[in-house]
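Peer 1: Dropping a prediction and its sequence here:
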Amino acid sequence: MRYRYLSDLHLHTDNSEDGTDPVMMMCERAAALGLYAVSITDHCECEVYHEQKYDRSIFQSFFETRKARAVFRGRLKILIGMELGQPLHDPAAAEEALRSGETDFVLGSVHSLPGEKDFFFMDYTRENVYPLLERYFEEILRLVQWGKFDSLAHLTYPLRYIVGNSRIPVDMSDFQEIVDEILSLLITSHKALELNTSGLRQPIGETSPSLDIVARYRELGGKYLTIGSDAH
């Protein structure tokens, strides 16, 4: 059975450093589940674009996705995509990645702050969480102002590890003003907000962003929502 237009637009393959399965296998599973479309969005972390050979792996991902598109024609719609991480940490690398002209769909994301490790690897205390989150949302706002992407990935990414893994509670009302600013700018820029479902299978137990933020996005006039499992 094919679900009418149900699509997963956030998938990582073995062309991502943390992915395990090839493009063809991911697409085979998606087709078996009856999805309408997928986007292969392998990582492109801009601040280490050349050092960690993202300039090679992302083009390998494009190549394999084009092959899969031919194989699954008529069974599954397949978009060539990428997850463009931290583009403002190295704008030249981001522009180089985008100049390929091959992508149908680009996720914009922030996994780390300038000079810091990925939020996944950080140690958290109750004292450092709020300043970190303030800097994070400021970085997200700058990303949305830059705007060279289609959908904003996992808006509340750090909460996976602060709330989910470290069990440190966060009162998101402290960030209401800047989150509203981010959502409003997405809306006026005609960009989508991603509903990332990975938290449903992780300790945090909720989507990113949470459904109350999605409701706020709609209340402010937001129309474009993409769904991504963030499968690896």
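Peer 2: That came in fine, so what should we check first? Numbers count the residues shown, from 1 in each chain.
Peer 1: for stretch 101-109, the distance to its chain's centre please.
Peer 2: 10 Å (Cα atoms, centre = their mean, to the nearest Å).
Peer 1: And that stretch, what's buried?
Peer 2: Across stretch 101-109, burial judged by 16 or more other Cβ atoms under 10 Å covers 102-109. Placement of C-beta: from N, CA and C, glycine included.
Peer 1: How about stretch 221-232, which residues are buried there?
Peer 2: 222, 226, 228-232.
Peer 1: what sits up against that stretch?
Peer 2: Residues from elsewhere that reach stretch 221-232 (Cβ atoms under 8 Å, 6 or more residues apart in numbering): 6-12, 16, 18-20, 26, 41, 107, 150-151, 153-154, 183, 186-187, 190-198, 214, 217.
Peer 1: where does this protein dip in pLDDT?
Peer 2: Applying pLDDT under 70 to the chain picks out residues 1-3.
Peer 1: export the buried residues of stretch 101-109 to JSON lines and tack on secondary structure?
Peer 2: Formatted as JSON lines, these follow (DSSP: H, G, I helix; E, B strand; the rest coil):
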{"residue": "Glu102", "secondary structure": "coil"}
{"residue": "Thr103", "secondary structure": "coil"}
{"residue": "Asp104", "secondary structure": "coil"}
{"residue": "Phe105", "secondary structure": "strand"}
{"residue": "Val106", "secondary structure": "strand"}
{"residue": "Leu107", "secondary structure": "strand"}
{"residue": "Gly108", "secondary structure": "strand"}
{"residue": "Ser109", "secondary structure": "strand"}
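Peer 1: ok, Gly19 - contacts?
Peer 2: Contacts of Gly19 by Cβ under 8 Å, 6+ apart are 12-13, 42, 232.
Peer 1: Hmm, I typed the wrong one, I wanted Tyr130.
Peer 2: When contacts are taken as Cβ under 8 Å, 6+ apart, Tyr130 is in contact with 170, 174.
Peer 1: Would you point out the most distant pair within the contacts of Gly19?
Peer 2: The largest separation in these, counting by Cβ to Cβ, is between Asp42 and His232 at 10.1 Å.
Peer 1: Show me the common contact partners of the two, please.
Peer 2: 12, 16, 19.
Peer 1: ok, Leu143 to Val106 distance?
Peer 2: Distance from Leu143 to Val106, counting by Cβ to Cβ, to the nearest Å: 12 Å.
Peer 1: no wait, Val163
Peer 2: Applying Cβ to Cβ to Val163 and Val106 gives a distance of 28 Å.
Peer 1: Which residues belonging to whichever strand or helix holds Arg135 are considered buried?
Peer 2: Assigned by DSSP states H and E, Arg135 belongs to helix 126-146. Going by neighbour count (16+ other Cβ under 10 Å), the buried part of helix 126-146 is 129, 132-133, 136-137, 139-140, 143-144.
Peer 1: mind listing the helices for the protein?
Peer 2: 23-32, 54-71, 91-98, 126-146, 159, 176-188, 211-219 (DSSP state H).
Peer 1: Find the nearest non-adjacent residue to His169, please.
Peer 2: Check again: residue 169 is Pro, not His. Val163 (6.6 Å; Cβ to Cβ, 6 or more residues apart in numbering).
Peer 1: surely that neighbour meets Asp171?
Peer 2: No: in this structure Val163 lies outside contact range of Asp171 using Cβ atoms under 8 Å: 10.8 Å.
Peer 1: Of these two, which one has the most company?
Peer 2: Val163 (21 against 8; other Cβ atoms under 10 Å).
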